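K.L.:
coordinates for the following, if possible.
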Amino acid sequence: MQQFPTRYPKRLNLPITFSAGRGACYDDVIMCVNYRPPLPEQLDMVLGTLVDLYRDWDWPTETWKDYLAPIVRSDANNQRILSLASYGMVPRRHIPAGVKVFDTMNARAESIGEKRSFAPAWHRTQLCAVPMTCFYEPNYESGRAERFGIGMADEAPFFVAGLWREWREMDGKVATSFTQITINADEHPLMKRFHKPGDEKRALVVLPPEDVDAWLACRDQELARSFLRHYPAERMKAWAAPAAPRAKKVVVPETGSLF
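P.N.:
The predicted structure is shown next:
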């Protein structure tokens, strides 16, 4: 099993590693559904105001399924509020025993109002914005899968449109989870370069900075759909982002006794 290190603090009582089988990634390359959230010291840019409350929060430098990461929602006064939520609308711990494990990190815009995992949150317009500095996709232009990073041309943090929901945990506490919304990208100049040849191309819905607050405050499903459009390719960039090489297991040969 592949082990992915994290920066989870012990105070959050979270797992130290995330394990993924070989079938979870493309060609055994670390380029699954994952992204890089902003660092805690970048929260001022995310919230648009100086903050001190979240300085002692921490999360992994890369986000994978069921990892905690920051999301932004809107309060009753349409002010941005920050939460830590787990990536994937249905956390694995809430999948009933005997049900095949399924992924809910991405919600297709075309069926978001119909799928049981996403429809309730969509109909209640439980919208969120997921801050990140880049996300990762597989590129096959070389003939094999290569991990690429995708972000803004000016390297600024940005937001992806998402949904959130809450779960009652075994200890009685309420936890939050989220998903990111995707749209078809067969014709997008940049995003059509990713995923296997012949496969449908998909893209995350990147929100223009000027639309973030309107998206968070939206309470009309049809109006919300108007935000689900492509971000201009000329304002984005992509680059090869190979994962760090795996640490090789050191085998210490046994030695006989000298006596």
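
K.L.:
switch to C-alpha atoms for all contacts and neighbour counts from now on
P.N.:
OK.

K.L.:
just the pLDDT for the residue lying closest to Y87 once chain neighbours are set aside.
P.N.:
Leaving aside its sequence neighbours, Y87 sits nearest to D66 (CA to CA, 6 or more residues apart in numbering; 4.8 Å). Here, the pLDDT recorded for D66 equals 95.

K.L.:
on the three-state scheme, D66 is what?
P.N.:
D66 falls in the coil class when you classify it by DSSP: H, G, I helix; E, B strand; the rest coil.

K.L.:
so what's K196 up against?
P.N.:
Residues near K196 by CA atoms under 8 Å, 6 or more residues apart in numbering: 138-140, 145.

K.L.:
and these, which are buried?
P.N.:
Buried subset of the contacts of K196 (neighbour count, 16 or more other CA atoms under 10 Å): 138-139, 145.

K.L.:
sorry, back to before: so the residue nearest to Y87 versus S177, what's the distance?
P.N.:
Look at D66 and S177: by CA to CA, to the nearest Å, they are 8 Å apart.

K.L.:
residues that sit against both of the two, list them.
P.N.:
Listed as contacting both D66 and S177 by CA under 8 Å, 6+ apart are 86-88, 91.

K.L.:
closest to Q79 among these?
P.N.:
S86 (21.9 Å; CA to CA).

K.L.:
what residue ranges in the stretch 101-250 of the chain score low on pLDDT?
P.N.:
245-250 (pLDDT under 70).

K.L.:
tell me where it has helices.
P.N.:
Applying DSSP state H, counting those that start in this stretch to the stretch 101-250 of the chain gives helices spanning 119-123, 212-217, 221-225.

K.L.:
most packed of those?
P.N.:
Neighbour counts (mean count of other CA atoms under 10 Å) averaged over each of the helices of the stretch 101-250 of the chain peak at helix 212-217, with a mean of 20.

K.L.:
quick one: distance of that helix to the chain centre.
P.N.:
Computed by CA atoms, centre = their mean, to the nearest Å, the chain-centroid distance of helix 212-217 equals 19 Å.

K.L.:
please identify the buried residues of stretch 65-85?
P.N.:
In terms of neighbour count (16+ other CA under 10 Å), stretch 65-85 has its buried residues at 65-74, 80, 82, 84-85.

K.L.:
and for that stretch, what's in contact with it?
P.N.:
By CA under 8 Å, 6+ apart, stretch 65-85 touches 33-34, 37, 47, 59-60, 63, 86-88, 91-92, 105, 127-131, 175-178, 213, 216-217.

K.L.:
for F158, list each beta-bridge partner.
P.N.:
M132 (DSSP bridges).

K.L.:
ok, it - contacts?
P.N.:
131-133, 152, 206-207, 209.

K.L.:
in PyMOL, select just the buried ones from these.
P.N.:
In PyMOL syntax, the buried subset of those is picked out as below (16+ other CA under 10 Å):
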select buried, resi 131+132+133+152+206+207
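
K.L.:
quick one: the contacts of F158 as a markdown table, columns for distance to E41 too.
P.N.:
Formatted as a markdown table, the contacts of F158 follow (distance: CA to CA, whole Å):
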| residue | distance to E41 |
| --- | --- |
| P131 | 13 |
| M132 | 13 |
| T133 | 13 |
| M152 | 19 |
| V206 | 22 |
| L207 | 22 |
| P209 | 19 |
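
K.L.:
between the contacts of F158, which sits nearest L190?
P.N.:
Nearest to L190 among those, with distances taken as CA to CA, is M152, at 11.9 Å.

K.L.:
if I look at the closest one, how far off is S142?
P.N.:
Where S142 is concerned, M152 sits at a distance of 23 Å (CA to CA).

K.L.:
all strands of this structure, in order?
P.N.:
Along the chain, counting by DSSP state E, strands occupy 2-5, 17-20, 35-36, 68-74, 80-87, 106-108, 127-132, 134-139, 146-152, 158-168, 174-184, 202-204, 206-207, 236-240.

K.L.:
between the shared contacts of D66 and S177, which is nearest A244?
P.N.:
Within the shared contacts of D66 and S177, proximity to A244 (CA to CA) peaks at Y87, which comes in at 22.2 Å.

K.L.:
what sits against the closest one?
P.N.:
Contacts for Y87 (CA under 8 Å, 6+ apart) come out as 63-69, 105, 177-179.
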